[in-house]
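no sequence for this one, just the structure:
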């Protein structure tokens, strides 16, 4: 990957369908999230289509799925297949893996295999959807393994569009995505790079504090149009957290074109803008 020639690196892109026509979520959850995000465009582009889109934008993208098979009963898309297919588009795609923490030792073994055998560059977790509490010691062997593998762990934080508007939110508990649960993980595994996904509403102040306090904690700006970002987050990203914030969209729910258009309207210093769009990701992902 020639990062010098890229305009930006999107650190948060979902693969929603695999090459066998299997979807990452059941239809009810897919429909609810599409309604929440008002996504009137193609919700399920293939990995190759995503590569073509980002290539046309002169951007790279971190791609992944979420394995929530235990909590949802829905079979996951294969992270190994995503990584192997992404290798064919290594000029623009960076594969992350996903394992189901509720699978215990099997999840640890799978995480090791995804890095050593399939070349994934990090892991994505969604505590609310996957139904686990990040700071439960039962999951510490997984964090220890990822730390030893030297790759980042990206945690969904805050409100989620999955299950939004459904009775009981389809049983999905928002409290599991309180970033302060991940603060314990970041403290106990200082060698683990932690990325908090999204502005963490309603806990944005917690994420800002964590990224300020801990050298190994970063924030990605995905899942929300920039025009809706909490003002405190915009101020921090433009000043004292300009080295800790990363561009992310949540594509295919939010398009990079819309995100970038809305980002242009924010009062962010030019030097901070350049770091957010690419330079910070190059460092965090070890692409330099």
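Done, it's in. Keep in mind it's a predicted model, so treat the numbers as computed, not measured.

could you use CA atoms for every contact and neighbour count after this?
Noted.

so which bits of stretch 96-116 are buried?
Residues of stretch 96-116 classed as buried: 96-102, 107-108, 110-112, 114-115 (neighbour count, 16 or more other CA atoms under 10 Å).

in which helix or strand would I find residue 70?
helix 69-72 (DSSP states H and E).

counting contacts, what elements does the helix or strand following that helix pack onto?
Where DSSP H and E defines the elements, the next helix or strand beyond helix 69-72 is helix 79-86. Judged by 3 or more CA pairs under 8 Å, 6 or more residues apart in numbering; DSSP states H and E, helix 79-86 is in contact with helix 47-56, strand 59-64, strand 93-95, helix 105-118.

give me the sheet partners of the second one and which way each runs.
Strand 59-64 has the following sheet partners, assigned by DSSP bridges: strand 8-14 (parallel), strand 93-95 (parallel).

nearest to residue 234, of those?
strand 8-14 (17.9 Å; CA to CA).

just want the angle from the closest one to helix 47-56.
With axes from the mean of the first three to the mean of the last three CA atoms, to 10 degrees as the basis, strand 8-14 and helix 47-56 are set at 160 degrees to each other.

mean confidence score for strand 8-14?
Averaged over strand 8-14, pLDDT sits at 98.

could you do stretch 260-278 as well?
Rounded mean pLDDT across stretch 260-278 is 97.

distance between the ends of that stretch?
Start-to-end span of stretch 260-278 (CA to CA, to the nearest Å) is 13 Å.

what's next to that stretch, contact-wise?
Stretch 260-278 has contacts (CA atoms under 8 Å, 6 or more residues apart in numbering) with 6-10, 225-227, 234-235, 237-239, 242-243, 245-247.

out of those residues, which end up buried?
Judged by 16+ other CA under 10 Å, buried ones among these: 6, 8-10, 225-226, 234-235, 237-238, 242-243, 245-247.

just curious, which of the residues you listed is nearest to residue 18?
Among the buried ones among the contacts of stretch 260-278, and counting by CA to CA, the member closest to residue 18 is residue 10, at 20.3 Å.

same for the helix holding residue 70, what does it pack against?
Partner elements for helix 69-72 (3+ CA pairs under 8 Å, 6+ apart): helix 127-130.

beyond the helix it packs on, next helix or strand please.
Assigned by DSSP H and E, the successor of helix 127-130 is helix 140-149.

list the helices and strands that next one packs on?
helix 105-118.

now what about the helix it packs on, what contacts it?
For helix 105-118, using CA under 8 Å, 6+ apart, the contacting residues are 79-80, 83-84, 97-101, 120-122, 141-142, 145-146, 149.
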